[in-house]
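Asks: just need the structure, nothing else, for what follows:
(2 chains)
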Amino acid sequence: MQNQRHALKLSAMLLLASAAFAAGEGRKDLRYIVGPHSTVSVTNEYGPISVKPGAANQVIIIAVTHSGKVEIDQSQSGNRIDVLSHLFPGADAQTGRVDYQVQVPPDASLILRSSTGALHAERLHGDVTLEGATGNVDVRDVSDAHVHIKTLKGPITLTNIHDGHVEVTSVSGEVVMDSVSGPLVQVNSTSGKIFYDGDFGSGGEYRLASHTGDIEATAPDDASIEVIARSVKGKVENDFRLQPKHAPFTIKAGSAFAGTMNKAASSVRLFSFSGKIHLKKR
Amino acid sequence: MNCAEFQRVLPETIEGGGNAEHQAHLNSCPECSGLVSDLNAISQTARLLRASEEPSPRVWNSIETSLKREGLIRQPLRDRSVTGRSSWRLSPAWLVPVAAALLIVFGVIIYQRGPAQPSQVAEQRAPAVSTQTINLQTAVNRANDDQQVLDAVGFKSPAMRADYAANLQNVNDYIRDAEESAQADPNDEEAQQSLMDAYDQRAMVYDMALDRSMP
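Replies: Numbers count the residues shown, from 1 in each chain, chains lettered A, B, ... in the order given. Here you go, the predicted model:
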């Protein structure tokens, strides 16, 4: 009886393996030895890329393909590693998909690109450059490094990012920032909404701008900011009692406000053409 | 010098070429050099359009005819100079053609200066046509560029074409509104910044579509 069960399990596993093989599924494990401050670039037209910190001198990439329409091209040139999903003719979002799990040294600089897949990076201290067309972008727990993100309509979530430049450009993706601070935080959107929840640090420049999207910034009472907010055709709301400040444009009640709070260490500019702007008290 | 500092002196740089520091920044910054290149192209196109709309002799003839019809100028009599130079000089009639000439010169100056001058129908119409022509030309160029980019996306990834088309449309709306705001108040820094943001968005979509944005 036991032998029969084992045989049955073995048959099932073989069947699944052969089905996966027939479908072109495959897994590729790549390992590289690198020095400090390496650069890892992964370009994956279809499919997600997730990056986490690993050993200090090693890059590990696990790539899972879903058909024979795609192969993994890779190269190492000194401290730089390039990995690319190479699509064959006829590959589409299903057959060309590759799922990447990547481990990099915490100080590595990262360049990720995907058209449709989600991009995720966490717990790093190297610069992070992500570009996605429609997929979600999620970056968290990055410090002492610059974060540059571009999406067409993919939503962007940034959590716990400190002490670096943060530059986000998205046409229609929603941008959510939770506890993001640094010397420069800049978000430029056409129609996406922008949400910021944090204390605006101490001494940074923050500029959140959207053409038609709403902008909502939430800060604590002790935030040290000078703020200028204006919506050309939309409304503005402010929950704080600000000290008056000169604005470089005519202040129209309900569509703009300007002022300072506490020591005004950080500069905050909120600008929209027709979206609503709300500076909220936490 | 960083981009913000350079963009503050942009008008002088375009008009006078800028100093060594400006040139050094231009050489090292593709974004600012691209912006200057675009602005120069627009400026040259505007000059060509203005030159092409210089009034033809027929316009001058019409003005002369109108002035005569209104009695502001008269056909000089052939025998006037014969009748006596001294008497013509003393007569107030000589002021009429001088006034007419001044009127025409004044009209030409107003015509060339554009809408910032006092309101007169002829002067307002000419710059308006010029601006409309530039806007139209820009819109046509933009539409052609967009079409090429969308074709490229459609060729590479047909499923993405609709997304790119919709987002490009939004970005073009952004550019249009930002241009209007910046033109309405050229001293409004936020409006100028919005215009640059809008163009950045467009550049990003193009780069993304043509796969040349990543290092």
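Asks: going by C-alpha atoms from here, please, whenever you check contacts or count neighbours.
Replies: Will do.
Asks: domain ranges for chain B?
Replies: Annotated domains of chain B cover B:1-52, B:57-113, B:123-215 [automatic domain parsing].
Asks: hey, least reliable of the ones you listed by pLDDT?
Replies: Mean pLDDT is lowest for domain B:57-113 out of the domains of chain B, coming in at a mean of 46.
Asks: test my guess that B:Glu21 contacts B:Met1.
Replies: Yes. Counting by C-alpha atoms under 8 Å, B:Glu21 touches B:Met1, with 7.2 Å between them.
Asks: quick one, phi psi at B:Asn167?
Replies: With angles defined as degrees, to the nearest 10, B:Asn167 sits at phi -70, psi -40.
Asks: can you get me a residue count around it?
Replies: The number of residues packed near B:Asn167 is 22, by other C-alpha atoms under 10 Å in any protein chain shown.
Asks: just list the residues touching it, thanks.
Replies: B:Asn167 sits next to A:152-153, A:171-172 when contact means C-alpha atoms under 8 Å, 6 or more residues apart in numbering or on different chains.
Asks: so which residues on the stretch 51-200 of chain A come close to chain B?
Replies: Listed as neighbours of chain B in the stretch 51-200 of chain A under the rule C-alpha under 8 Å from any C-alpha of the partner chain: A:92, A:113, A:131, A:133, A:150, A:152-153, A:169-172, A:188-191.
Asks: now, which of these lie within helices?
Replies: Assignment to helices by DSSP state H places none of those there.
Asks: from these, keep the buried residues only.
Replies: Neighbour-count burial (16 or more other C-alpha atoms under 10 Å in any protein chain shown) is assigned, among those, to A:92, A:113, A:131, A:133, A:150, A:152-153, A:169-172, A:188-191.
Asks: of those residues, which belong to strands?
Replies: With strands taken from DSSP state E, the overlap with these comprises A:113, A:131, A:150, A:169-170, A:188-189.
Asks: quick one: contacts of stretch B:141-161?
Replies: Identification of contacts with stretch B:141-161 by C-alpha under 8 Å, 6+ apart yields A:92, B:164-165, B:168, B:206, B:209-210.
Asks: and A:Pro248, how far from B:Ser28?
Replies: To B:Ser28, A:Pro248 is 30 Å away according to C-alpha to C-alpha, to the nearest Å.
Asks: picking up where we left off before, narrow the contacts of stretch B:141-161 to those that are buried.
Replies: Buried by 16+ other C-alpha under 10 Å: A:92, B:164-165, B:168, B:206, B:209, out of the contacts of stretch B:141-161.
Asks: and A:Ser179, that's in a helix?
Replies: No. Counting by DSSP: H, G, I helix; E, B strand; the rest coil, A:Ser179 is not found in a helix; it is strand.
Asks: and the ones in strands among the buried ones among the residues of the stretch 51-200 of chain A next to chain B as JSON lines, adding distance to B:Ala159 and pLDDT?
Replies: Converted to JSON lines, these look like this (distance: C-alpha to C-alpha, whole Å; pLDDT from 0 to 100):
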{"residue": "A:Arg113", "distance to B:Ala159": "18", "pLDDT": "96"}
{"residue": "A:Glu131", "distance to B:Ala159": "18", "pLDDT": "96"}
{"residue": "A:Lys150", "distance to B:Ala159": "20", "pLDDT": "97"}
{"residue": "A:Thr169", "distance to B:Ala159": "22", "pLDDT": "97"}
{"residue": "A:Ser170", "distance to B:Ala159": "19", "pLDDT": "97"}
{"residue": "A:Asn188", "distance to B:Ala159": "26", "pLDDT": "97"}
{"residue": "A:Ser189", "distance to B:Ala159": "23", "pLDDT": "97"}
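Asks: name the nearest of the residues you listed relative to A:Gly201.
Replies: Using C-alpha to C-alpha, A:Asn188 comes nearest to A:Gly201 of those, at 19.7 Å.
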